[in-house]
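>>> compute the structure for the input listed below.
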Amino acid sequence: MSAQTNTSGWSGIFRPLDWLLLAVPVSFALRYVSAWRNDTLLFIITGLAIIPLAGWMGRATEHLSARAGQGLGSLLNATFGNAAELIIALMALSKGLTGVVKASLTGSIIGNILLVLGASMLAGGMRFNRQTFNQTAARISATSLSLAAIGLIIPTVFHLASDRQPGGWTPQAEQSLSLAIAVVLFITYIFWLIFSLFTHKKLFTGAEAAGHAEEKDAAWSVTKAVTILLMATTLVAFMSEFLVGSVEAAREQLGLTEVFVGVIIVAVIGNAAEHSTAVMMALKNKTDLSLGIAIGSSLQIALFVAPVLVFASYLFGQPMTLEFTLPEIAAVALSVWIVTEISGDGECNWLEGVQLLSVYVILAILFFFLPEPAHVQSASDSLAPAAGSAFNPASETNSTAPIPAR
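Below you'll find the predicted structure:
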């Protein structure tokens with residue numbers, strides 16, 4: 001989540017998307033009143049309900065940050081920036097929907113750097129003929145995101161390379177590889193926090209100061225911020241459980257694949273509040289902050305959320321790997337490359353926004369028409385102990401048997 005304009009008191013704190021809070025009681029009714037139960041409708045309504053709740057979580061975190069001071073405040077933002085997405089993913093992971101979880105990770109990365117950044121550049125560019133940002137900070141963030149993406153791509157490369165050798169690939173080897181990479185990514189995230197919050201924080205002063213100045217004189221009290229954060233988090237947990245519980249029935253009835261649901265729908269729901277904030281900052285010509293929201297959130301997904309989900313999967317008894325489908329890793333690689341190119345000159349315009357949005361739409365069309373992999377199982381079947389490949393049906397064979405070359 002990101003810095004937002006705040007007002008004191010309980011009045012005047014509602015935002016345009018908050019009318020979607022009406023979906024919260026409707027979700028409870030659809031879930032617990034048997035006569036009204038409709039999984040497809042429940043999936044849609046709970047998805048809408050999560051959007052404003054995620055926004056309230058972000059707002060509460062920002063107000064706590066203002067009270068805690070810039071250093072600790074930035075740490076709070078970095079830690080809880082993608083709390084809604086993490087809660088949704090943990091719920092899906094507990095149900096054994098690892099395909100949806102991994103797809104939502106790639107969806108969040110490409111969504112932030114294509115959809116969010118594209119919409120922000122388009123909106124800001126329509127109001128301002130030319131917008132500039134800190135070229136050095138943007139380049140460092142984009143480069144860090146490129147390096148993080150490598151960690152997510154390597155397990156798939158490992159599978160492609162090793163399954164052509166007799167006995168070269170086993171589920172256990174891939175789980176160990178993914179766990180090791182998750183540890184490296186998490187340690188890298190800690191170093192990134194030290195770099196951006198302490199040793200080189202001046203590089204990011206523009207973005208931090210823009211948000212901090214707006215909050216400083218109008219921050220909520222600690223009690224109020226904590227209360228709202230706890231309430232919003234609790235409701236997001238309920239909504240996430242409803243969403244995940246109805247996803248299988250909803251996608252079958254709507255004719256959607258597991259990958260499309262994860263990459264597009266779940267990712268957009270989890271990041272919707274963040275999307276609106278980045279656009280608002282761009283409209284105020286605070287391009288550094290808008291860029292920081294988009295790239296920073298993707299970086300956090302790759303370095304923090306993905307490793308945490310791998311660690312959590314062991315607690316649920318079904319280790320999750322970081323192996324993704326070929327279209328997913330292609331989408332991430334291309335998206336990261338594009339944002340690296342755009343961030344090189346220190347300025348942006350509305351046409352670049354249109355170009356980013358065009359790429360996102362093209363990828364969305366790809367995932368919509370992409371057929372369901374033959375190995376996809378039901379939620380109950382996926383709770384089996386063996387963890388298979390993300391795209392190779394042969395991965396569910398005996399771990400000691402060689403996997404035929406494609």
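>>> I figured T188 hits A148, correct?
Yes - with contact taken as Cβ atoms under 8 Å, T188 and A148 are classed as touching, separated by 7.1 Å. From N, CA and C alone the C-beta is placed, and that goes for glycine too.
>>> those two: which has the busier surroundings?
Relative neighbour count places A148 above the other of T188 and A148, with 25 against 19, counting by other Cβ atoms under 10 Å.
>>> hang on, the earlier thing: overlap of the contact sets of T188 and A148?
Common neighbours of T188 and A148, using Cβ atoms under 8 Å, 6 or more residues apart in numbering, are L303.
>>> run a quick neighbour tally on W36.
In terms of burial, W36 registers 12 neighbours under the definition other Cβ under 10 Å.
>>> check contacts around it.
With Cβ under 8 Å, 6+ apart as the criterion, the residues that contact W36 are A29, L30.
>>> for it, what are phi and psi?
Recorded main-chain torsions at W36 are phi -100, psi 0, according to degrees, to the nearest 10.
>>> again, but for E347
According to degrees, to the nearest 10, E347 has phi -150, psi 160.
>>> pull the number of nearby residues for it.
Taking other Cβ under 10 Å as the neighbour definition, E347 ends up with a count of 13.
>>> helix, strand or coil for F324?
When the structure is reduced to helix, strand and coil (DSSP: H, G, I helix; E, B strand; the rest coil), F324 reads as coil.
>>> I'd say A137 and I295 touch.
No - the pair formed by A137 and I295 falls short of the contact definition of Cβ under 8 Å, at 9.4 Å.
>>> so for stretch 66-76, mean pLDDT?
This predicted structure assigns stretch 66-76 an average pLDDT of 62.
>>> same thing with stretch 161-177?
Within the predicted structure, the mean pLDDT of stretch 161-177 is 78.
>>> check which residues of it are buried.
By neighbour count on 16 or more other Cβ atoms under 10 Å, the buried set for stretch 161-177 is S162, D163, W169, T170, P171, E174, Q175, L177.
>>> do you know the pLDDT at L303?
In this model, L303 is scored at 92, pLDDT.
>>> and what of the one 5 residues further on?
If you check V308, the pLDDT there is 94.
>>> and if you look at the one 10 residues further on?
The model reports Q318 with a pLDDT of 86.
>>> correct me if wrong: it contacts G96.
Yes - taking Cβ under 8 Å as the contact criterion, Q318 and G96 are neighbours in contact, 6.1 Å apart.
>>> okay, these two: which has more neighbours?
Legend: neighbour count by other Cβ under 10 Å for Q318 and G96, higher for G96 (22 against 17).
>>> could you check how many residues crowd around G317?
For G317, using other Cβ under 10 Å, the count is 10.
>>> backbone dihedrals for it, both of them.
G317 has phi and psi values of phi 80, psi 10 when expressed as degrees, to the nearest 10.
>>> roughly how far does it sit from L203?
Between G317 and L203 the distance is 43 Å, computed by Cβ to Cβ, to the nearest Å.
>>> ramachandran coordinates for M320?
In terms of degrees, to the nearest 10, the main-chain angles of M320 are phi -100, psi 140.
>>> and it, what is it in contact with?
For M320, the contact set (Cβ under 8 Å, 6+ apart) comprises L93, T98, V101, K102, S178, L309, V310, S313, A387.
>>> and for N38, nearest residue in space, chain neighbours not counted?
In space, not counting the residues next to it along the chain, N38 is nearest to L30; the distance is 6.4 Å by Cβ to Cβ, 6 or more residues apart in numbering.
>>> ok, and for the helix or strand that contains the one you found, which residues are buried?
Element membership of L30, judged by DSSP states H and E, is helix 23-32. Buried positions in helix 23-32, judged by neighbour count with 16+ other Cβ under 10 Å: A23, V24, V26, S27, F28, L30, R31.
>>> stretch 35-55 now?
With the criterion 16+ other Cβ under 10 Å, stretch 35-55 contains buried residues 39, 41-55.
>>> okay, V308 and V26: tell me how far apart.
As defined by Cβ to Cβ, V308 lies at a distance of 31 Å from V26.
>>> now do F316
F316 sits 30 Å away from V26, going by Cβ to Cβ.
>>> and what of Q131?
40 Å.
>>> and what of M231?
With distances defined as Cβ to Cβ, the gap from M231 to V26 amounts to 18 Å.
>>> can you get me a residue count around K202?
Should you count by other Cβ under 10 Å, K202 turns out to have 9 residues around it.
>>> who's in contact with it?
Contact analysis of K202 by Cβ under 8 Å, 6+ apart lists nothing.
>>> can you pull the phi and psi angles for it?
The phi and psi values for K202, taken as degrees, to the nearest 10, are phi -60, psi -30.
>>> buried sites along stretch 230-240?
Taking 16+ other Cβ under 10 Å as the basis for neighbour counts, the residues of stretch 230-240 that come out buried are A232, T233, L235, V236, A237, F238, M239, S240.
>>> what are the contacting residues of that stretch?
Residues outside stretch 230-240 that contact it (Cβ under 8 Å, 6+ apart) are 24, 27-28, 46, 49-50, 53-54, 56-57, 60, 83-84, 87-88, 90-91.
>>> all helices of the stretch 151-300 of the chain, in order?
171-194, 205-216, 222-254, 258-260, 267-283, 287-300 (DSSP state H, counting those that start in this stretch).
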